[in-house]
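Peer 1: Okay, structure incoming, though there's no sequence with it:
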């Protein structure tokens, strides 16, 4: 009976180790190096908001809305520049709720950063021309 109890205890202990959760936490992709990269891209490419907003406002309201797009784009570019310098100086510190996530306005029901936002900023500055949206590597079809 003691032998059976020892084997049962050993199996219970080993099975609890096997069930352990080994997944990464949700914020593990946001690190200090990503925050530094986000800061540098906002400083260097934040001005791309100006032509991007001109095009978006013209598509939404017509050709006469390009001055509105220029003003809105300049406002967004200056906000990106401010966020860029803020994140550059604090890239080693988890400042947004104890994480390295971007402190921008969030939209949507699951709090993801939207790429085509009307009021908030996306994580990285927009691209002009062909937009890939997170396809940073080529895919090969065999």
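Peer 2: Arrived safely. Not measured: the values here are computed from a predicted model.

Peer 1: Can you name the next helix or strand after the helix or strand of the chain with the lowest mean pLDDT?
Peer 2: Least confident helix or strand of the chain, by mean pLDDT, DSSP states H and E, is helix 2-18 with a mean of 74. Heading C-terminal from helix 2-18, the first helix or strand you meet, by DSSP states H and E, is helix 32-45.

Peer 1: list the helices and strands that following helix packs on?
Peer 2: In this structure, helix 32-45 packs against helix 66-89, with contacts taken as 3 or more C-beta pairs under 8 Å, 6 or more residues apart in numbering; DSSP states H and E. For every residue, glycine as well, the C-beta is placed using N, CA and C.

Peer 1: so the helix it packs on versus helix 32-45, what angle?
Peer 2: For helix 66-89 against helix 32-45, the angle by axes from the mean of the first three to the mean of the last three C-alpha atoms, to 10 degrees is 140 degrees.

Peer 1: Let me see the residues that make contact with helix 66-89.
Peer 2: Here helix 66-89 makes contact (C-beta atoms under 8 Å, 6 or more residues apart in numbering) with 35-36, 38-43, 46-58, 61, 102-104, 121, 125.

Peer 1: Apply the buried test to those and list what passes.
Peer 2: Buried by 16 or more other C-beta atoms under 10 Å: 35, 38-39, 41-43, 46-50, 52-54, 56-57, 102, 104, 121, 125, out of the contacts of helix 66-89.

Peer 1: hang on, the earlier thing: if we go by neighbour counts, what in the least confident helix or strand of the chain is buried?
Peer 2: When burial is assessed from 16+ other C-beta under 10 Å, helix 2-18 yields no buried residues.

Peer 1: Check stretch 63-79 too.
Peer 2: By neighbour count on 16+ other C-beta under 10 Å, the buried set for stretch 63-79 is 65-66, 69, 72-73, 76-77, 79.

Peer 1: so residue 123, which of the three states?
Peer 2: Under DSSP: H, G, I helix; E, B strand; the rest coil, residue 123 falls in the coil class.
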